[in-house]
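[1] Dropping a prediction and its sequence here:
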Amino acid sequence: MKKSISLFGLLILLAGTIGCESFIDNAPEDQISVGDYFKTANDIENYVKKYYAGLPTHGSANLPLSETSSDNLIVAVPNAVIQGSRAPRNGQWTNEWSDIRSINILFDNLGNVEDDLSAYSQFLGEAHFFRAWFYYEKLQTYGDVPIYVNQLLPGDEDLYKEQDPRTEVADFILAELDLAFQYLGTRASVGNAKLNKETALAFKTQVALYEGTWQKYHAGTVFGTNGADPDKYFQEAVIAAEKLMNGEYNVGLYSTGKPESDYYDLFGKDNMSGINEVLFYRIASTAEQLGHELQFYVTRRTRDMSLTWSLISSYLGKDGKPYDYTGLTQVAKGNDFLRKIAEDTDPRLKATVWIPGDLRVASSGQIFDKPFLNGGSEELAATGFQVKKFSNPFSSAAGADFGGLSQTGRIFFRYGEVLLNYAEAKYELDGTIAYDALNALRDRVGMPAFEAIPQSEYGANLLDYGYAIDDALYAIRNERRVELALEGQRPDDFRRWAAHNLIIGKRPKGYPFAPSEFPGFNPLLDENGQTDYFQTQLPNGYKFRPDQDYLTSIPSDELVLNPNLKQNPNW
C-alpha cells in the first residue's frame, strides 16, 4: 500500500482538483501519461489501493471523539457545531474534491485496459464504492453539490456548474453502490479488510436511511428538497438490508454465549478477520508503523472525553423497562451510583463506561478505582462517565505510553448497524416493527425482547425531539443510540432527524458527585448535585442554529470563482 501511494502521489498532486480558476492554473492532464498507464489489472489495483489509506483511522481515539458534535459525549471545550459558533468558511474547497477528481481519472481511462474485466472486477467495484464514499461525505457536509463523473480539464464548462439537488446526489451514490455490489467479491472470497459485496449492501442501507429521514423530517424547511419522496429511500434501505439478511452471506452478530462481555469484547480486538459481524474494518499494524493511540486514551488517559447523562440514562434496566436514574441520585453518589447502574441495567452500559472495580490494564493488574473527575489536560472525565468502549485490558497497548502502540481494528461497517438501519427504515416505510432484527441485538446481551414502551413510562429520561413520534419509533431510536454509542453515528442521526431540540438550550450533565471520593475538589454541580461542567461556559445551554447549522458553509472564494454556486442556508 505504501508503494502505491508513492507511485501516484505526484500524479494526483499534479492532476489538481476541480476548484475552478485555481484548477485552470494546474498542469494540463496531457502532460502526464495517464493514458499510457491504465493498461493492466495490476495498474487498476495499484491505483485504487491508495484510497484505502485515506479511510478514517482510530488515530488519537478519533472514533469516540467524533461524537462530541452530539448529545453523547463532551470534551473540555464545547463543540463548535452544536454550540452554533462556526463562522462562514473562507478560502476554497479544492482539496476536498481531490479524491473525486482522482478517481474520475481512473474511470475516464478504463477503456485503455487490455486485460479481461474478470481480472480487475474487484478493483472496479472498489472504485465505485470509493466514489460513493466520497460523495456521501459531500452530501452530509454540504447537501446540494455538483456531480462530476469525469475529470475536468481547462476550459470545461462544468467547472462552472451549479449544484445538483441532494436527492440526485443520493441517487448517484446509491447507483454507485449498486455497481460496486455487482463487481465486488464476497466477504468469504476477499476478506473483511477489503471492500466486499456485504459492505456495499450495508453502506446502501446507511445512505438510503440517511436521505429518507433527512427528507422526511426536514420537509418544508430550507433543508428539504422539493418533490422528494422519503419512502423511495426507505424502500431502498429495506431491500438492501433484506438482501444481506436473507442472502447466502457470512454475516451474523458476534456472540460466544457470554452476554455480559461479548458486546464489549467486539470493539477491542486487534484481529477482526474471523468475526462475521465485522463486514469491513481497518487493520492497524505497529510493525508497519500503522499503529494508533486508541488504547492509550481509553485505558490510561481520556483525551478529556466523557459521556453525558443524556446517553447514560437512555440505557434500559435489565428488565427491559426505563430505569429511574434520577431517583437513584438521591440515594447513591459517585462510585456507588456507577456500581449500581452497572448492576441494574443493560450490559451495554457497563461495556461503554468504566465502572469501579473493572480491570483496566491486565499486564500490571491495574483496576479502575474512580473516574478522572479532577484530571488535568487529556486526563479529564468531567461528567464522571469515563469512556470504556473500544478498550481492551489485555491489549499490549493497554496502559502503554503515547507512541502509536495500539493495533485495535477500526470497524467501518458491522452487521449490528444493518439490523438497526433495517428496523428504522422498515418502520418508517410501513409501520412494521422488525422484532427479529431488534431481538437479535437484545439476545446478544441477554436483554428482554424489544417492546414499544409507552413514552410516559420513561419519566425523566424521556427525550423531546421537538415533534411527536409514536412509541415504537421512539423505542427503535433509543435502541439505536444504545447499540451504536460512540461509533460515530449519533451526530448524523440527530441531524437527519432534524432533532435540534435535543441540543438547543441543553447542558450536558454528569453523575451525582460524592465529595468524600475527591477531598478538596469542588466541581460545578447542578441543583441535584450532578456534575455540571459547562455551567459557566454554557449558562443557557447549547446554541445550535437550526436554520443554519445542519449544513456547512461553502467556502467564500468558491462563490466568487463560480457564480453559479449558491451558499447554504443562512451562511
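    Noted; the coordinates are in hand.
[2] Ends of stretch 373-382, what's the gap?
    Chord length of stretch 373-382, first to last residue, is 5 Å (Cα to Cα, to the nearest Å).
[3] Please shift the residue numbers so they start at 658 in all later answers.
    Done: numbering now begins at 658, and the last item shifts to stretch 1030-1039.
[4] Residue 931 and residue 1048: what is the separation?
    Noted for residue 931: a distance of 21 Å to residue 1048, by Cβ to Cβ, to the nearest Å. All C-beta spots, glycine's among them, are computed from the backbone N, C-alpha and C.
[5] Looking at those two, which one has more neighbours?
    Neighbours of residue 931 and residue 1048, each counted by other Cβ atoms under 10 Å, are more numerous for residue 1048; the result is 26 against 9.
[6] which residues does the residue positioned nearest the centre of the chain contact?
    Against the mean C-alpha coordinate of the chain, by Cα atoms, centre = their mean, the closest residue is residue 1145 at 2.8 Å. Shown in contact with residue 1145 (Cβ atoms under 8 Å, 6 or more residues apart in numbering): 720, 723, 724.
[7] list the contacts for the second one?
    Translated: residue 723. Neighbours of residue 723 in contact, by Cβ under 8 Å, 6+ apart: 1145, 1148.
[8] Look up how far residue 738 lies from it.
    For residue 723 relative to residue 738 (Cβ to Cβ), the value is 11 Å.
[9] any residues in contact with both of the two?
    Shared contacts of residue 723 and residue 738, counting by Cβ under 8 Å, 6+ apart, come down to residue 1148.
[10] Could you export the contacts of residue 1145 as TSV, including pLDDT?
    As requested, those are exported to TSV (pLDDT from 0 to 100):
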residue	pLDDT
720	95
723	96
724	98
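[11] Could you look up the SS state of residue 1017?
    What DSSP: H, G, I helix; E, B strand; the rest coil gives for residue 1017 is strand.
[12] before we move on, what about the one 3 residues further on?
    Residue 1020 carries the three-state label coil when classified by three-state DSSP.
[13] Does it touch residue 1055 like I think?
    Yes - here residue 1020 lies in contact with residue 1055, judged by Cβ atoms under 8 Å, at a distance of 6.8 Å.
[14] Show me where the stretch 658-807 of the chain has its helices.
    For the stretch 658-807 of the chain, the helices defined by DSSP state H, counting those that start in this stretch cover 659-672, 677-681, 698-710, 719-722, 737-740, 755-765, 774-799.
[15] Those: which one's closest to residue 919?
    helix 719-722 (19.5 Å; Cβ to Cβ).
[16] Now tell me what touches that closest one from outside.
    Helix 719-722 has contacts (Cβ under 8 Å, 6+ apart) with 713, 730, 732, 951, 955, 960, 962, 1044, 1046-1047, 1067, 1143-1145.
[17] Select only the buried ones of these in PyMOL?
    Selecting the buried subset of the contacts of helix 719-722 in PyMOL, with 16 or more other Cβ atoms under 10 Å as the burial test, is done by:
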select buried, resi 730+732+951+955+960+962+1044+1046+1047+1067+1143+1144+1145
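[18] just the contacts of helix 719-722 now: which is nearest residue 1034?
    Of these, the one sitting nearest to residue 1034 (Cβ to Cβ) turns out to be residue 960, at 9.5 Å.
[19] and that closest one, what does it touch?
    The contact partners of residue 960, taken as Cβ under 8 Å, 6+ apart, are 717, 718, 722, 732, 954, 1035.
[20] mind checking the backbone torsions on residue 963?
    phi -150, psi 150 (degrees, to the nearest 10).
[21] out of the contacts of helix 719-722, who's nearest residue 908?
    residue 1144 (17.6 Å).
[22] The closest one against residue 1067, yeah?
    No - counting by Cβ under 8 Å, residue 1144 does not reach residue 1067; the two are 10.4 Å apart.
[23] pLDDT weak spots in the chain?
    Low-confidence segments of the chain (pLDDT under 70): 658-690, 692.
[24] Which parts of it are strands?
    730-731, 935-939, 963-964, 1016-1018, 1023-1024, 1067-1071 (DSSP state E).
[25] Would you format the ones you listed as JSON lines with distance to residue 1100 included?
    What follows is those, written out as JSON lines (distance: least, Cβ to Cβ, whole Å):
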{"stretch": "strand 730-731", "distance to residue 1100": "27"}
{"stretch": "strand 935-939", "distance to residue 1100": "19"}
{"stretch": "strand 963-964", "distance to residue 1100": "25"}
{"stretch": "strand 1016-1018", "distance to residue 1100": "26"}
{"stretch": "strand 1023-1024", "distance to residue 1100": "30"}
{"stretch": "strand 1067-1071", "distance to residue 1100": "16"}
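[26] so which of these is the most packed in?
    Most buried of the strands of the chain, by mean neighbour count (mean count of other Cβ atoms under 10 Å): strand 963-964, with a mean of 28.
[27] tell me what that one is packed against?
    The contact analysis (3 or more Cβ pairs under 8 Å, 6 or more residues apart in numbering; DSSP states H and E) places strand 963-964 against strand 730-731.
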